[in-house]
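**Q** Starting from these lines, generate the structure:
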Amino acid sequence: MHNPTTSTAPTKLFNRLLVMGGSLVAIFTALFIVVVVVAEDQMELLSLHHWLDAEASRYERDYQQKGITDAYPNPYEFDFYHSQKSVPAWLSHYQTPGFYEHHLGPEDKHFLVRRAPDGQGFFYVVFKDNADDYLDHYESKLQLFVIGLGSLILLIAALYAYFTLRQIAHPLQQVLQKIRQMPPDFADFSVSNQYQELQQIEQALLHSKRQIADFFRREQEFSRFSAHEIRTPLMVLQGSAELLARLPNPDPRATKAQQRITQSCDEIRLLTDTFLLLGKSRLEAERLELCHLNHLIEKQLAQLPSQHSDGPVFEFLPSSDVWLESPPSFLIIIIRNLLKNAASYSEGTVRIQLDNQQLRMSNPSGSQAHSILKQNQGYGYGLIIVERICNLMNWHFHAQERAEHFEVVWGFSPEKQPTDSQHIDNQH
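**A** Below you'll find the predicted structure:
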C-alpha cells in the first residue's frame with residue numbers, strides 16, 4: 001500500500017503575478033511619497049536659506065554703498081544680532097560663516113552667520129519661526145498638486161500593471177484551456193498563441209495529444225482484434241482436443257499431448273481475459289463476480305501435486321470464509337502465481353494463512369533462496385502481473401525477505417458473505 005504524500009496546493013500564476021505587480025506598485029508609491037516629502041522639506045529649507053542670504057546681502061550692500069548700519073533685515077521675520085553687541089548665549093558659540101540649524105527647546109531655529117561688513121566680528125540673521133512654518137500658506141496648494149500628480153501616476157501604474165498581467169495571463173489561460181482538450185475524445189486544437197515560446201508548448205501538447213490518441217486507438221484495436229483473432233483459434237484447438245479425447249483406445253502419448261493442449265488453451269484464455277481487463281482504466285460492473293477465495297485456493301492447490309511432485313508441502317490455514325468481488329481470472333492468476341512460484345523456489349512447508357483482511361504466504365529459504373520474491377519468474381510475468389492486478393483492484397500487495405523465510409502479504413477488503421443460493425451458484 002503506497003502511503004499518500006502530502007503536498008501543498010499549487011499557487012495560481014495569475015495570482016502570483018498580481019501580487020508581484022501590486023507589490024511593485026506599492027513600492028513605487030512608497031518611494032514617491034518619500035521623495036515628495038523629502039523634496040518638500042528640502043525645497044522649504046532651500047527657500048529659507050535663499051531668503052536669509054538675500055536679507056544678509058541687502059544689509060551688506062547698504063552698508064557698502066550708503067554706510068547705513070541700522071538697515072536691518074525685516075524685523076517681523078528675522079532677528080538681527082552683532083557679535084560686538086548683545087548676542088544670546090546659544091548663538092554666541094557659532095563663530096564660522098554659514099547656514100545653521102539649532103534646536104532651542106520646542107523651536108527649530110535656522111540662521112545665517114556672516115562676517116560683519118565693518119570687519120568687527122560677525123552678524124547673525126535668525127528666522128523667527130520654525131523652518132516648516134516658512135511656506136505654510138503655500139503647502140495646501142503644493143499638497144493638492146502632489147496628491148493630484150501622485151494619483152495620476154498611481155492610476156497609470158495600476159493600468160500598466162493590469163494590462164501587462166493581461167498580456168501574460170491571457171496567453172497562459174489559452175494554453176491551459178488546450179491542456180483540458182488533451183483527452184482523445186476532444187478534437188485536435190489549433191496552435192494559435194501569439195508568443196513563440198507558448199506556440200512551442202502548444203505544438204508539443206498537440207503532438208502528445210495525437211500520440212495519446214494513437215495509443216488509445218491501437219489499444220482499442222488490439223482489444224477488439226484479440227477478442228476475436230485469439231479466441232477463435234483457441235476454440236478450434238479446444239474443440240480439436242475434445243474430439244481427440246473421444247477417440248477409442250488413443251495412444252498414451254496422444255492422450256498426454258491432448259491434455260497439455262487443453263491445459264495450455266485454458267491458460268491462454270485466462271491470460272487473454274486478464275490482459276484485456278488490465279488494459280482498462282476502470283472495470284465494468286458486469287465483469288465483477290462474487291468469488292469464494294477459499295474454494296479457489298483449494299482448487300489450485302489440488303492441481304499442484306501433478307505438476308510439482310517433488311515440491312514443498314503446502315499447509316492451508318483459513319480462519320474464515322472470504323468472498324471477493326472481482327473478475328475470476330484475476331483471482332486465479334494471483335493464486336497460481338503465488339503457488340507456482342512458491343512450489344518452484346521453496347523447500348520445506350509453505351504456510352498459507354487466510355483471514356477476513358489478508359492472505360499471508362510464507363516459505364522457508366533454502367538452497368534455492370529466491371522463492372516467491374523472484375520477479376519475472378513462474379507463471380505468466382510473475383509478481384509484476386500480480387502487482388498490476390492489485391493496483392487496479394485497490395488491493396494491498398507486499399513481498400519481503402526475512403531472516404529465515406520469504407513472505408508475501410495480499411491484503412483486500414472482502415465482501416459480505418452471500419446467501420445460500422449465491423453460494424450454491426458459486427460452487428457450480
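
**Q** Might one say that Asp321 is in contact with His292?
**A** Yes: using Cβ atoms under 8 Å, Asp321 is in contact with His292, at 6.9 Å. Glycine gets a C-beta too; all of them are placed from N, C-alpha and C.

**Q** Who has more neighbours out of those two?
**A** Comparing Asp321 with His292 by neighbour count (other Cβ atoms under 10 Å), the higher total belongs to His292, at 20 against 15.

**Q** host element of Asn391?
**A** helix 383-393 (DSSP states H and E).

**Q** same question, His398
**A** strand 396-401.

**Q** for that strand, the distance to its chain's centre please.
**A** 30 Å (Cα atoms, centre = their mean, to the nearest Å).

**Q** With stretch 165-177 instead?
**A** On Cα atoms, centre = their mean, the centre of stretch 165-177 falls 19 Å from the chain's centre.

**Q** That one: which residues count as buried?
**A** 165, 169, 171-172, 174 (16 or more other Cβ atoms under 10 Å).

**Q** Adding pLDDT as columns, could you present those in JSON lines?
**A** Listed next are the buried residues of stretch 165-177 as JSON lines, based on pLDDT from 0 to 100:
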{"residue": "Leu165", "pLDDT": "78"}
{"residue": "Ala169", "pLDDT": "78"}
{"residue": "Pro171", "pLDDT": "83"}
{"residue": "Leu172", "pLDDT": "81"}
{"residue": "Gln174", "pLDDT": "84"}
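
**Q** Relative to Ala54, which of those residues is nearest.
**A** Leu165 (52.4 Å; Cβ to Cβ).

**Q** before we move on, back to that, other SSEs contacting the strand holding His398?
**A** helix 383-393, strand 405-411 (3 or more Cβ pairs under 8 Å, 6 or more residues apart in numbering; DSSP states H and E).

**Q** Now render these as CSV, adding distance to Asp129, mean pLDDT and mean neighbour count.
**A** Shown next, in CSV, are the helices and strands packed on strand 396-401 (distance: least, Cβ to Cβ, whole Å; pLDDT from 0 to 100; neighbours: other Cβ atoms under 10 Å):
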stretch, distance to Asp129, mean pLDDT, mean neighbour count
helix 383-393, 86, 86, 19
strand 405-411, 89, 87, 19
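
**Q** how much distance is there from the strand of greatest length in the chain to the middle of the chain?
**A** If you go by DSSP state E, the chain has its longest strand at strand 107-115. Using Cα atoms, centre = their mean, the mean C-alpha position of strand 107-115 is found 66 Å from that of the whole chain.

**Q** cool, and stretch 331-339?
**A** The mean C-alpha position of stretch 331-339 is separated from the chain mean by 38 Å, Cα atoms, centre = their mean.

**Q** can I assume Tyr100 sits in a strand?
**A** Yes: counting by DSSP: H, G, I helix; E, B strand; the rest coil, Tyr100 is part of a strand.

**Q** now it, which residues is it bridged with?
**A** Phe111 (DSSP bridges).

**Q** For it, give its distance to Trp90.
**A** 11 Å (Cβ to Cβ, to the nearest Å).

**Q** Kindly report the same for Cys265.
**A** 117 Å.

**Q** and those two? which has more neighbours close in?
**A** Cys265 (19 against 11).

**Q** Enumerate every residue touching the more buried one.
**A** 234, 237-238, 241 (Cβ atoms under 8 Å, 6 or more residues apart in numbering).

**Q** No further queries at this time; thank you.
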